[in-house]
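1. sequence? don't have it. structure:
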């Protein structure tokens, strides 16, 4: 009986994809090396929806709820992102680990700036994908790239 490869979801920008809002990448080869032999599933919920490059987005506390708002045009894109991420979770129900890009409004895990409606940081928290992953994968470890970098 063959055992299936373990599966890891990794933020696509960490894998070297040019999918960040500014059209750049944040490739960190140590992350991919750490999962040699695993099936790596790239993840970026923003690029398929908004293209690359694109307007920056922020997590904004609005009336006690966290919303994803574009930086310059102030468009609420929360539902579009939520739908994209939930669809991804349905397609990838059986994963073993998650590595997300820190500080990202989509992918940050405990490191994303949460802003008030005046765009001042009020605290650090999760990006929308990190929150959805916590709900959909309650027993799967979530890390960010700092776990793999030499301090």
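-> Right, received. Where do you want to start? Computed from a predicted model, the values in this text were never measured in an experiment.
2. mind listing the helices for this structure?
-> Under the criterion DSSP state H, the chain contains helices at 29-34, 46-50, 78-91, 128-136.
3. run through the neighbouring helices and strands of the shortest one.
-> Contact here means 3 or more CB pairs under 8 Å, 6 or more residues apart in numbering; DSSP states H and E; on that basis helix 46-50 packs against helix 78-91. Heads up, the C-betas are built off the backbone N, CA and C, glycines and all.
4. could you list every helix and strand in contact with the helix it packs on?
-> Secondary-structure packing of helix 78-91 (3+ CB pairs under 8 Å, 6+ apart): helix 46-50, strand 65-70, helix 128-136.
5. would you format those as JSON lines with mean neighbour count and mean pLDDT included?
-> JSON lines is the format used below for the helices and strands packed on helix 78-91 (neighbours: other CB atoms under 10 Å; pLDDT from 0 to 100):
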{"stretch": "helix 46-50", "mean neighbour count": "17", "mean pLDDT": "97"}
{"stretch": "strand 65-70", "mean neighbour count": "17", "mean pLDDT": "97"}
{"stretch": "helix 128-136", "mean neighbour count": "20", "mean pLDDT": "97"}
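6. relative to residue 119, which of the helices of the chain is closest?
-> helix 78-91 (16.4 Å; CB to CB).
7. what residue is smack in the middle of this structure?
-> The residue lying closest to the centre of the chain (CA atoms, centre = their mean) is residue 107, at 2.0 Å.
8. and the closest residue to it other than its chain neighbours, what are its bridge partners?
-> Excluding its sequence neighbours, the residue lying closest to residue 107 (CB to CB, 6 or more residues apart in numbering) is residue 100, at 3.9 Å. Under DSSP bridges, the beta-bridge partners of residue 100 are residue 144.
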